[in-house]
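[1] Model the structure of this input:
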Amino acid sequence: MGKRKYKKILIFGGTGFLGKSLIKLLSKMDTEIILFTRKTSLENSIQDYNSNPNIKVVHWNFTNYQSVEENILNSDCIINLCGILYENKQGDFFRVHSDFPALLGELSTKTKINKLIHVSALGVSELSDSIYSRSKAIGERKLIEKFPNAKILRPSLLFGKGDNFFGQFSQMATLSPFLPLISRTTKFQPVFVDDVAMAIINLLESTKYKQTTFEIGGEFIYSFEELLKILLKIKNIKRILIPLNPQLMMIPAFFLQQLPKPPFTVDQMKLLKKDNILDNNLPGLKELGIKPTEMKKELVKIYRGHN
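    Residues are numbered from 1 along each chain as shown. Predicted coordinates for the structure are as follows:
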């Protein structure tokens, strides 16, 4: 079966961690990329894209849907990577994670888009205590109601150069003799960002995948504590891990979430109550023809500079 070709692909959220990895792969394909971003043209990531003749950058926000509809009309495919970890104002989670996927589904049906790929998150549930998780789950449901042929990817914790988890704790370890152990036993199945990007590419290029939802995780499961210890061992430094009571952490989290870029929030504390691992009832990297990148080897490359 040959690879499907696309003349124009729309990407939302392409300037984030996963988006940068994905666009590196897409830029090797002979296709026009329309990149929707809320970032300003002065930011370095946007300047990099502006230098690529195959990428057109469109500046927008979630209240300006006209430019979205105008560009969808002549496009073959949509990839939605939009997601936020905290709200700047009440209702942002539902605007970004629920209402926007529903809009994309509606417009895709209206304009007969060939393919729509939506990146959600592992473990989302409409019954969750976390607004983040509920809004993501509702977004999945609304999207499928509007565009039943959509493909949904649910990745676990992403790792790679510049990620939010190891990158943040590595920086903290450089500045402090202590590291906060916010949740000692919560389990994760970290997946390499380039593996998730390749999963999107494989879904783009093939028509053989009939399933709707794919759960994406690495080969191994680690607790929060194990991940921090692995990082410290690779960096060859010793730091004291301070276990924190998740319930007591709700109090400082409430005040910290008032910051423009909070280190953690009440909603994130609620997310840590549940393990973030595959349930193995849905297809994943194996079914998409991808062998998971080994986390420890990749972290060595990042933090020791070994190839």
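[2] quick one: low-confidence ranges for this structure?
    Along the chain, segments meeting pLDDT under 70 span 1-4, 39-48, 50, 306-307.
[3] Go through the longest helix along it and flag the buried ones.
    In the chain, assigned by DSSP state H, the helix with the most residues is helix 131-146. With burial defined by 16 or more other Cβ atoms under 10 Å, the residues of helix 131-146 counted as buried are 131-140, 142-144, 146. For glycine as for every other residue, the C-beta is placed from the backbone atoms N, C-alpha and C.
[4] Let me see the ranges of the strands in the stretch 1-150 of the chain.
    Along the stretch 1-150 of the chain, counting by DSSP state E, counting those that start in this stretch, strands occupy 8-12, 32-37, 55-59, 77-80, 115-119.
[5] Same list (these) but as a markdown table, adding mean neighbour count and distance to residue 152.
    Output for those, formatted as a markdown table (neighbours: other Cβ atoms under 10 Å; distance: least, Cβ to Cβ, whole Å):
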| stretch | mean neighbour count | distance to residue 152 |
| --- | --- | --- |
| strand 8-12 | 23 | 15 |
| strand 32-37 | 21 | 19 |
| strand 55-59 | 16 | 24 |
| strand 77-80 | 24 | 10 |
| strand 115-119 | 23 | 5 |
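[6] would you list these in CSV and tack on distance to residue 244?
    Below are these laid out as CSV (distance: least, Cβ to Cβ, whole Å):
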stretch, distance to residue 244
strand 8-12, 35
strand 32-37, 35
strand 55-59, 40
strand 77-80, 34
strand 115-119, 30
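[7] Tell me which of these sits nearest to residue 303.
    Ranking the strands of the stretch 1-150 of the chain by proximity to residue 303 (Cβ to Cβ) places strand 115-119 first, at 26.2 Å.
[8] okay, the angle between the closest one and strand 8-12?
    20 degrees (axes from the mean of the first three to the mean of the last three Cα atoms, to 10 degrees).
[9] what sits up against strand 115-119?
    Identification of contacts with strand 115-119 by Cβ atoms under 8 Å, 6 or more residues apart in numbering yields 13, 18, 76-81, 83, 101, 104-105, 108, 139-140, 143, 147, 149-153, 155, 196, 200, 203-204.
[10] What are the contacting residues of stretch 282-291?
    In contact with stretch 282-291 (Cβ under 8 Å, 6+ apart) are residues 154, 191, 195, 198-199, 202-203, 209, 211, 213-217, 278, 292.
[11] next one: stretch 221-232
    Residues contacting stretch 221-232 (Cβ under 8 Å, 6+ apart): 165-166, 169-170, 173, 179, 181-190, 238-239, 241, 272, 277, 295-296, 299, 303.
[12] Those in strands, which ones?
    Taking DSSP state E, the ones among those that sit in strands are 179, 181, 187, 188, 241.
[13] which of those residues count as buried?
    Counted by 16+ other Cβ under 10 Å, the ones in strands among the contacts of stretch 221-232 give 179, 181, 187, 188 as buried.
[14] quick one, what contacts residue 113?
    Shown in contact with residue 113 (Cβ under 8 Å, 6+ apart): 72, 75, 76, 77, 78, 107, 147.
[15] who does the nearest residue to the second one once chain neighbours are set aside bridge with?
    Looking back up the chat, that one is residue 75. Once flanking residues are discounted, residue 75 sits nearest to residue 8: 4.5 Å by Cβ to Cβ, 6 or more residues apart in numbering. Applying DSSP bridges to residue 8 gives these bridge partners: residue 32.
[16] Look up how far residue 185 lies from residue 8.
    For residue 8, the distance to residue 185 equals 46 Å [Cβ to Cβ, to the nearest Å].
[17] Of the contacts of stretch 282-291, which is the nearest to residue 55?
    Nearest to residue 55 among the contacts of stretch 282-291 is residue 198, at 19.3 Å by Cβ to Cβ.
[18] Next, the contact list for the residue lying closest to residue 7 once chain neighbours are set aside, please.
    In space, and not counting its chain neighbours, residue 7 is closest to residue 76: 5.7 Å by Cβ to Cβ, 6+ apart. Shown in contact with residue 76 (Cβ under 8 Å, 6+ apart): 6, 7, 8, 9, 113, 114, 115.
[19] now do 6 Å
    Going by Cβ atoms under 6 Å, 6 or more residues apart in numbering, residue 76 touches 6, 7, 8, 114.
[20] Look at residue 152 and give its secondary structure.
    strand (DSSP: H, G, I helix; E, B strand; the rest coil).
[21] For it, give me its contacts.
    Contacts of residue 152 by Cβ under 6 Å, 6+ apart are 118, 120, 140, 213.
[22] Repeat the analysis, applying 8 Å as the threshold.
    By Cβ under 8 Å, 6+ apart, residue 152 lies in contact with 117, 118, 119, 120, 140, 143, 144, 212, 213, 214.
[23] okay, now the nearest residue to it once chain neighbours are set aside: neighbour count?
    Leaving aside its sequence neighbours, residue 152 sits nearest to residue 213 (Cβ to Cβ, 6+ apart; 4.6 Å). Residues lying near residue 213 (other Cβ atoms under 10 Å) number 16.
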